[in-house]
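Trainee: Mind looking at a prediction? Sequence and model below.
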Amino acid sequence: MKDRQTEVNKVYLPYVEKHLGKKPLQNILVTGGTWNSYHVEVKRHSQIEYKTMFSYELIDEYSENSDSITENILYPDNPIESVNLILADIGGGHEVNTFIWNNDTEEGVKKILDSAFIDNHLNKLVFVYFDGMLDLDCFLDKEYDGYKSEDFFSTEISWYDDWNKANFTQRLDGVVFSV
């Protein structure tokens with residue numbers, strides 16, 4: 001068992017390639033639960049050609065990237081258009097979780113999909129969700145207002161954390177939407 005990023009990449013990167021291939025992507029949305037998550041995502045996506053990566057953080061001081069969007073990636077106030085890929089690594093303690101629990105996730109996903117498919121050249125969105133909160137129901141296996149779910153997975157990711165000297169497990173879900 002390897003570190004968290006390696007174990008996530010074993011599932012995430014093949015899923016992305018399976019559905020998006022090596023085609024150039026327009027926009028990628030990412031978030032993470034640690035101060036260095038932006039650099040982790042730049043490294044994770046270094047073999048993928050894309051126009052722009054937008055980094056979301058709910059709490060401004062959690063971000064190392066001065067260009068981070070400070071809002072809920074699952075319920076954005078200003079959703080990004082032309083999105084082909086989202087990796088939402090949600091969690092970060094009670095303060096972050098409260099923001100997420102206070103919004104209607106289903107309505108948020110509808111907002112995301114409506115914007116993601118504006119001028120989406122691939123007509124696809126791969127949406128992968130890492131549940132770091134443990135209590136949020138899986139929402140990605142549903143149909144949303146005419147957006148067709150082509151493929152879905154849900155799996156447990158396990159890793160060894162050198163810092164805590166312990167094994168951890170979290171659920172990773174993914175879905176591919178198309179129009």
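Mentor: In hand now; what should we look at? Numbers count the residues shown, from 1 in each chain.
Trainee: CA only for contacts and neighbour counts going forward, please
Mentor: Will do.
Trainee: residues touching N120, list them.
Mentor: By CA atoms under 8 Å, 6 or more residues apart in numbering, the contact set of N120 is Q26, E81, S82, V83, N84.
Trainee: Now it: phi and psi?
Mentor: Main-chain torsions, N120, degrees, to the nearest 10: phi -80, psi 110.
Trainee: pLDDT wise, what is it at?
Mentor: Per-residue confidence at N120 stands at 97 (pLDDT).
Trainee: try the one 10 residues further on
Mentor: Among the per-residue scores, F130 shows a pLDDT of 78.
Trainee: got it, and N164?
Mentor: pLDDT, N164: 88.
Trainee: Quick check: the gap between it and L25.
Mentor: Note on N164: its distance to L25, by CA to CA, to the nearest Å, is 36 Å.
Trainee: go on, I90?
Mentor: On the measure of CA to CA, I90 and L25 end up 23 Å apart.
Trainee: Repeat that for E41.
Mentor: On the measure of CA to CA, E41 and L25 end up 15 Å apart.
Trainee: Ok, E106 next?
Mentor: 25 Å.
Trainee: picking up where we left off before, tell me which of N164 and L25 has more neighbours.
Mentor: L25 (21 against 8; other CA atoms under 10 Å).
Trainee: right, and the helix or strand after the helix ranked longest in the chain?
Mentor: When the chain is parsed with DSSP state H, its longest helix is helix 4-20. The first helix or strand that comes after helix 4-20 along the chain, using DSSP states H and E, is strand 25-31.
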